[in-house]
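Peer 1: got a sequence here, can you model it:
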Amino acid sequence: MSAIQQHIQEAIDQPVESGAERGLQVAVYRNGKLVVDAVAGIAEVATGRPVTSDMPFFSFSIGKGVAATVVHVLAERGVLDYDTPIVELWPEFGAHGKQRATVRHALSQSVGVPGLPPGLTVEDMCDWDKMCAIIADAEPWWEPGTKIGYHAVTFGYIVGEIVRRASGKPISQVLREEVAGPLGVADELFFAVPRAEQGRLARLEDAPIPPEMAAAMEMPEDSPLLKLGPAECTTAAYGNRADVLSANIPAGGTVTARAVARMYAALLGEVDGVRLISPERLREVSTVAMSGVDQIFGFPMLGLWACRSAGCAPVVH
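Peer 2: Coordinates of the predicted model:
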């Protein structure tokens, strides 16, 4: 065991032993090589299954970085362009003044459609065509490209439908064929997880919230955070649902730490002979595309095309 592997192993064993965490995966690539692949704890209380390196976790917004990667790979192949108006691929999206929205705006979360109508259910979210129709017909909260705001749920549908219209394939298939397959992690990097594979997954749990934190987390009724999607989307129960796991909802993803770390390593450079994008494109996609006060959270934010999400570190817990 290398010194860095041992150091990380000790670091993740401690919170598991203390009860602060149930199970963890940590993976690190450096210069295209896997240098840390550590696990600790259990993946399911009922069975006591231990966490293993090849065990996928439903990981919420880590999927945003994966979805963006699919777009960058298609751009590298010449299938689409960042400055293409979305309406050229998806005409219905132009409703209510969104005609000038571009693929670039979607990736940088400045497209202006972060919200969803009240009353939507998780079952609705599993209906791809219904969700895309709702989002296409939505009135923008701001003129696309003029402000930035976290598209917690809608990001996945917008990017995913751009991919589907440009390639003719659902984003889960493009991910498998263009990213996960070439990297050798097709069984560890998913959007729609086949039912037959779901028994391999870790089971999520909601962490208890201390009373003092619960009070601080209370939001006013007009908070934009309450308009981003069904409240259940932030719960462990949501991430354990078979219909959610089977659906294409690319605002989240089901991954192992080592698979998503391998994907990012292959964006940065070569991994076992595979490089997802050219050095020239890497310079472009790692450039700040949008900045300003986030219209959802209210604090300054930078929009990076490669991955605009606080949840996109290759650490899964």
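
Peer 1: for the stretch 201-317 of the chain, which spans come out with low pLDDT?
Peer 2: Within the stretch 201-317 of the chain, the ranges that satisfy pLDDT under 70 run 212-217, 302-317.

Peer 1: where exactly do the helices run in it?
Peer 2: Secondary structure of the stretch 201-317 of the chain (DSSP state H, counting those that start in this stretch): helices located at 211-216, 236-240, 242-246, 257-268, 279-285.

Peer 1: can you show me the CA trace of the last one as PDB?
Peer 2: This points to helix 279-285. Taking Å, rounded to 0.1, in the frame of the first residue of the first chain, the C-alpha atoms of helix 279-285 are listed here in PDB:
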ATOM      1  CA  PRO A 279      -5.900  20.000 -25.200                       C
ATOM      2  CA  GLU A 280      -7.400  22.900 -27.200                       C
ATOM      3  CA  ARG A 281     -10.900  22.000 -26.100                       C
ATOM      4  CA  LEU A 282      -9.800  21.500 -22.500                       C
ATOM      5  CA  ARG A 283      -8.500  25.100 -22.400                       C
ATOM      6  CA  GLU A 284     -11.900  26.200 -23.800                       C
ATOM      7  CA  VAL A 285     -14.100  24.200 -21.400                       C
END
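
Peer 1: give me the buried positions along that helix.
Peer 2: Buried residues in helix 279-285, defined by neighbour count with 16 or more other CB atoms under 10 Å: Arg281, Leu282, Glu284, Val285. Yep, even glycine has a C-beta here, placed from its N, CA and C like the rest.

Peer 1: how is this protein divided into domains?
Peer 2: Here the domain assignment for the chain is 1-53, 56-198+228-316, based on automatic domain parsing.

Peer 1: which of the helices of the stretch 201-317 of the chain sits most buried?
Peer 2: Neighbour counts (mean count of other CB atoms under 10 Å) averaged over each of the helices of the stretch 201-317 of the chain peak at helix 257-268, with a mean of 24.

Peer 1: strands of the stretch 51-200 of the chain, start to end?
Peer 2: Listed in chain order, the strands found in the stretch 51-200 of the chain under DSSP state E, counting those that start in this stretch are 57-58, 189-190.

Peer 1: list the neighbouring strands of the first one plus their orientation.
Peer 2: Listed by DSSP bridges, the sheet partners of strand 57-58 and their directions read strand 254-255 (antiparallel).

Peer 1: and what of the last one?
Peer 2: When pairing is defined by DSSP bridges, strand 189-190 lines up against strand 254-255 (antiparallel).

Peer 1: ok, back up a step: any idea which of the domains of the chain is most buried?
Peer 2: Ranked by mean neighbour count, the domains of the chain are led by domain 56-198+228-316 with a mean of 20 (mean count of other CB under 10 Å).
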